[in-house]
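A.B. asks: Coordinates only, no sequence provided:
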DNA sequence: GAAGTATATGTCCGTTTCGACATATTGTCA
DNA sequence: TGACAATATGTCGAAACGGACATATACTTC
């Protein structure tokens, strides 16, 4: 993982292992974060498609505006569990969920 | 969700909402549990394919035998996060992870 | 059926994640 | 620019999840 990417992730609250840590861990962590980013991005896309703000969205998933913002930002305090649950609460099917995760990650514009 | 299915899940430690709860919740919960079950099943399949026991497997993912058993049983104390992380630790790609989640759920034999 | 190995279940307690609230920042439009 | 809505960030106490350990049950092989 290059320096620029590491810094960007750390800025979001991620603590990415140093090079001297167990080799290979960085790759797994990166893969894990990518899963989160895909779910986060698609969640925001779905919300925007519905034309609603974060507050109504929070009501739907029984959460709060601030947590929605964190979800969409793939904050380090947000679990995959919560992202998946939120997707399901929006009616995303298991098949679609899988496609979201399987699809190649594209950096947000 | 029928009574038999509910009981079976509760036996595993799940607390499935009663009918009087917010309608639709049961379906979402069921979908969520199915995601877990798919990840749990495939995790066990991968381990068995490698021909190793739960203890060596636990070492690989930096966990313990008991937690591996719980993961494979999709125990309620196991998060999707942990299941995904474990898959990634085994080298499962994002694409494959997606396929696992997308594929229709089949009850274990 | 005893011994040995593999898996399952129950519990403990430190850590992570949660919703919620307060507040800051950003975006929009008059 | 000022005012208002939307989103982002920081923090807190409570709840959920983690690895680890002890122990129980299941599966083999003798």
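C.D. replies: On my side now, so go ahead. Quick caveat: nothing in here was measured; it's all calculated off a predicted structure. Numbering: from 1, shown residues only, chains lettered A, B, ... in the order given.

A.B. asks: Torsion angles phi and psi at residue A:51?
C.D. replies: For residue A:51, the backbone dihedrals (degrees, to the nearest 10) come out as phi 70, psi 30.

A.B. asks: Retrieve the pLDDT associated with the nearest residue to residue A:105 once chain neighbours are set aside.
C.D. replies: Excluding the flanking residues, the one nearest residue A:105 by CB to CB, 6 or more residues apart in numbering or on different chains is residue A:34, at 4.8 Å. The C-beta positions use only the backbone N, C-alpha and C, and glycine is treated the same way. At residue A:34, the pLDDT value in this model is 96.

A.B. asks: Likewise for the one 3 residues further on?
C.D. replies: You'll see residue A:37 listed with a pLDDT of 97.

A.B. asks: do residue A:16 as well
C.D. replies: pLDDT for residue A:16: 57.

A.B. asks: my guess is the residue nearest to residue A:105 meets residue A:104, correct?
C.D. replies: No: if you go by CB atoms under 8 Å, residue A:34 and residue A:104 don't touch, sitting 9.3 Å apart.

A.B. asks: So for these two, which sits in the more crowded spot?
C.D. replies: Between residue A:34 and residue A:104, residue A:34 has the larger neighbour count (other CB atoms under 10 Å in any protein chain shown), namely 16 against 8.

A.B. asks: now the more buried one, what's its secondary structure?
C.D. replies: helix (DSSP: H, G, I helix; E, B strand; the rest coil).

A.B. asks: Please apply the same query to residue A:44.
C.D. replies: helix.

A.B. asks: Let me see the contact set for it.
C.D. replies: residue A:72 (CB atoms under 8 Å, 6 or more residues apart in numbering or on different chains).

A.B. asks: Against residue B:76, how distant is it?
C.D. replies: In this view, residue A:44 and residue B:76 are 29 Å apart by CB to CB, to the nearest Å.

A.B. asks: again with residue A:66
C.D. replies: For residue A:66 relative to residue B:76 (CB to CB), the value is 27 Å.

A.B. asks: Residue A:77 too?
C.D. replies: Taking CB to CB, one finds residue A:77 at 22 Å from residue B:76.

A.B. asks: Tell me which of the two has more neighbours.
C.D. replies: Remark: of residue A:77 and residue B:76, residue B:76 carries more neighbours, 15 against 9, as counted by other CB under 10 Å.

A.B. asks: And that one, its phi and psi?
C.D. replies: According to degrees, to the nearest 10, residue B:76 has phi -70, psi -20.

A.B. asks: do the one 3 residues further on as well
C.D. replies: Main-chain torsions, residue B:79, degrees, to the nearest 10: phi -90, psi 160.

A.B. asks: can you map out the helices along chain A?
C.D. replies: Assignment of helices within chain A using DSSP state H yields the ranges A:3-11, A:25-50, A:54-60, A:65-72, A:80-89, A:94-102.

A.B. asks: Just name the most buried of those.
C.D. replies: helix A:80-89 (a mean of 22; mean count of other CB atoms under 10 Å in any protein chain shown).

A.B. asks: Residues contacting that helix from elsewhere in the structure, which ones?
C.D. replies: The contact list for helix A:80-89, computed with CB under 8 Å, 6+ apart, reads A:35-36, A:39-40, A:42-43, A:46, A:60-63, A:67, A:71, A:97, A:100, B:28, B:31-32, B:35, B:79-81, B:84.
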